[in-house]
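Trainee: next comes the sequence, and after it the predicted model I'd like to discuss.
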Amino acid sequence: MENTTLKLRGMSCASCARSIEEAIREVNGVNECIVNFGAELATVEYDPRKTDVTAIQQAVDEAGYSAYPLQEQNSAAQQDEAEKRRQSRETNELTRKVVVASILSGIIVIGSIPMMTGLHVPFIPMWLHDPWLQLVLTIPIQFWCGLSFYSNAWKAFKRHAATMDTLVALGTSTAFIYSLFPTFFPNFFISQGLRPDVYYEAAAVIIALILVGKLLESRAKKQTGEAIRKLIGLQAKTARLIRNGQEIDIPIEEVQIGDVILVRPGEKIPVDGEVIDGTSTIDESMVTGESVPIKKQPGDEVIGATINKTGSFKFKATRVGKDTVLAQIVQLVQQAQGSRAPIQRLADSVTGWFVPAVIAIALLTFMIWFNIMGNLTLALITTVGVLIIACPCALGLATPTSVMVGTGKGAENGILIKGAESLELAHKIKTIVLDKTGTITQGRPTVTDFVTTDGTANGNEIKLLQLAASLERNSEHPLAEAVVRYAQTQEVGLVSVENFEAIAGSGVQGVVDNHLIQIGTQRWMSELNVKTQALENEKERLEYLGKTAIYIAIDGKLQGLMGISDAVKPTSTQAVKALQKLGLEVVMLTGDNRRTAETIAREVGIKRVLAEVRPDQKADTVKKLQREGKIVAMVGDGINDAPALAQADVGIAIGTGTDVAIAASDITLISGDLQGVVTAIQLSNATIRNIRQNLFFAFIYNVAGIPIAAGILFPIFGWLLNPIIAGAAMAFSSVSVLTNALRLRNFRPKVIA
């Protein structure tokens, strides 16, 4: 299966989104399709052996809309500029229509005041009352300003569907066509004892108000997508390459892996790479959310779009185009914004039958009032009011706009949320499981103690360290890297190893000079029948200090013990306290021995410790917690955490960890700071609260508005809803939902002391 994201054009309401979904799902080979009305995106999963993107685009075209695939990141800046120009053209066109409709409808309303009030107003000239003049003024509004409503309604009709445009077209056409009869045949109405009243002002003003709402909605939608534009805008436009001793500036799209790039103070780093010459401090806050500049020196990685603060340096490009960190962030945010939260399901099910139901209610309203009261005017006003006030847009925008703003806000804070489902589920977390190494601790262990027994090889401590480091060089484990670094500081040379084998959760072994070298935990040594009593006291001392004790055996005999310390991250203690104050149970999960784990747990304030858990047991441990009826989040950074991250209800990967862990997670913390977990949960709470507010107002608006427009209050209070007021209410219902969603842009993580 492959995934693609399509940018959509031509949607006017949530019913349009549903029509596009149905059209794409009917394509042979399409497995799933989610259309986000607010983001105007379609996320499609399909089988490339059965279909392709062109066939999917054709299905969208046949449904009466248009779609095109989002381009790769190295073209994102150009694409963003093209999108801005297109939006600017559409906004200018819409603005012109709003101005024309407003001026003409204003004149029509002034001329209709005597009819609407039954009073003679001296300052309004008689010629403004003329229905022929009002007809002439209404025609441009009806057939130019409101043309899109009719063309979209016709497209929907051809595919046997109904949308918001259908309601607007029916409502305004009813008022307009009815008004033609008293305009052309006034004497007939007079002969029937009826006033030859016209309702051109209703049709004209309704279109004008809805266009104003569309204009405001368009501007608000642009603000909800501001996060993506900001991310794309971070990218540098050019790079200064060093070639043949010469400095040349080239467009960033032309940078290739391996190019050497010079960066001066104050400049943006164009692509990802590794420093090869010079030192500096880098402001990475725009990508990681980390406010303190990071010192960089040869061997350190730099991230594209971050800002060089102090010194000049050269670096070698390691990732370009769509492979850079920024490109992947943009892709993840787009993916999240195109996804659908479970809370949206109710609104989606309603929009499926919403428009047909409203049309049925409008027809029923007309028949009831006309049959009961025998009043054509009353029946007409209530029917038009029902058609105009109903708005599926507010329901369609309620969730996706909040998700767009929420995921974008997460990216600003160094939190990448892969989907709306993860964003919603995060606020339900009851238990959060923290891996120790690299999550609570720095993830850069250091050998602090190296103890040998009387049985060391040839009595030579350096020789034992050489054997241990040579063996550990073949392992990717952080503890192995610590041993190798320690050997390098002691200037110990390494030798080749044969038959290397890593035993998950236990240790490593291999052969050097026909000697079997084994390094690992006490539990593994016991399984190998290696006696460890000689260094038992030393082991207990190390564990009491919170260090990890690793044994070294040669040919089945204990030869030494290493104490490895991994410092706790400065923010871990504060983050754990904040999570506990949010009402979460915090659990430490580690393969380390219990005494060391409990020492670290006490330091950061964790009460429940699950220690000595092998990597293959971590996912099962998460399952056990889930069987307790808890929504469980797992936070980890290593390859051995990936199964547990995938098993958890919400997997949270430390961005400084491995690609495998990040791929298996639902949320990624770019900075590697546990405070990001607190921020992610707070953001989830704020987003879900915002969505619930939107859905409440959208449902209440329609539940209350439609009966009032149908005249339910007329028998009691004699009050009818003017279709013009209904049009204004409909126009601004979507705007109110968007405005509420935009309040999420003010989200700030709360500091919990």
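Mentor: Arrived safely.
Trainee: residue 515 is in contact with residue 555, correct?
Mentor: Yes. Between residue 555 and residue 515 there is a contact under CB atoms under 8 Å: 5.7 Å. (Each C-beta comes from the backbone N, C-alpha and C, glycine too.)
Trainee: please name the residues that touch residue 562.
Mentor: When contacts are counted by CB atoms under 8 Å, 6 or more residues apart in numbering, residue 562 touches 447, 449, 450, 451, 468, 483, 549, 550, 552.
Trainee: out of those, who's nearest residue 610?
Mentor: Of all the contacts of residue 562, residue 549 has the smallest distance to residue 610: 19.2 Å, by CB to CB.
Trainee: show the buried residues in the contacts of residue 562.
Mentor: By neighbour count, with 16 or more other CB atoms under 10 Å, these hold 447, 450, 451, 468, 483, 549, 550, 552 as buried.
Trainee: so which of these are in strands?
Mentor: 447, 450, 451, 549, 550, 552 (DSSP state E).
Trainee: for the nearest residue to the second one once chain neighbours are set aside, grab phi and psi.
Mentor: Same thing as residue 450. Nearest non-adjacent residue to residue 450, counting by CB to CB, 6 or more residues apart in numbering: residue 562, 5.5 Å away. Backbone torsions for residue 562, taken as degrees, to the nearest 10, come to phi -110, psi 140.
Trainee: quick one: residue 562 from residue 716, how far?
Mentor: 86 Å (CB to CB, to the nearest Å).
Trainee: where do the helices sit along the stretch 151-300 of the chain?
Mentor: In the stretch 151-300 of the chain, the segments counted as helices under DSSP state H, counting those that start in this stretch are 164-184, 186-191, 200-224, 226-233, 285-288.
Trainee: out of those, which one sits most buried?
Mentor: helix 200-224 (a mean of 24; mean count of other CB atoms under 10 Å).
Trainee: now the angle between helix 164-184 and that one, please.
Mentor: Interaxial angle of helix 200-224 relative to helix 164-184 (axes from the mean of the first three to the mean of the last three CA atoms, to 10 degrees): 160 degrees.
Trainee: packing partners for helix 200-224?
Mentor: Packed against helix 200-224 by the contact rule (3 or more CB pairs under 8 Å, 6 or more residues apart in numbering; DSSP states H and E) you find helix 76-117, helix 131-140, helix 164-184, helix 392-412, helix 723-742.
Trainee: most tightly packed of the ones you listed?
Mentor: Comparing the helices and strands packed on helix 200-224 by mean count of other CB under 10 Å gives helix 392-412 as most buried, with a mean of 29.
Trainee: give me the mean pLDDT for that helix.
Mentor: Average pLDDT, helix 392-412: 79.
Trainee: with just CA atoms, put stretch 538-556 into CSV.
Mentor: Provided in CSV are the C-alpha atoms of stretch 538-556 (Å, rounded to 0.1, in the frame of the first residue of the first chain):
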residue,chain,number,x,y,z
GLU,A,538,31.7,-3.8,44.6
LYS,A,539,28.5,-4.4,42.6
GLU,A,540,26.3,-3.4,45.5
ARG,A,541,28.3,-0.2,46.1
LEU,A,542,27.9,0.8,42.4
GLU,A,543,24.1,0.0,42.4
TYR,A,544,23.6,2.0,45.6
LEU,A,545,25.1,5.0,43.8
GLY,A,546,22.7,4.5,40.9
LYS,A,547,25.3,3.0,38.5
THR,A,548,24.9,0.0,36.2
ALA,A,549,27.2,-2.9,37.0
ILE,A,550,28.5,-4.8,34.0
TYR,A,551,30.5,-8.0,34.4
ILE,A,552,33.4,-9.2,32.3
ALA,A,553,34.2,-12.9,32.0
ILE,A,554,36.9,-14.7,30.0
ASP,A,555,36.5,-18.4,29.2
GLY,A,556,33.7,-18.7,31.8
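Trainee: list the buried residues for it?
Mentor: For stretch 538-556, a neighbour-count test (16+ other CB under 10 Å) marks 538-539, 542-543, 546-554 as buried.
Trainee: ok, those vs residue 443, which is closest?
Mentor: Within those, the smallest distance to residue 443 is 12.9 Å, found for residue 548 (CB to CB).
Trainee: how about the nearest residue to the closest one once chain neighbours are set aside, phi and psi?
Mentor: Excluding the flanking residues, the one nearest residue 548 by CB to CB, 6+ apart is residue 564, at 4.7 Å. The phi/psi pair for residue 564 (degrees, to the nearest 10) reads phi -120, psi 130.
Trainee: having no further points to raise, I will conclude here.
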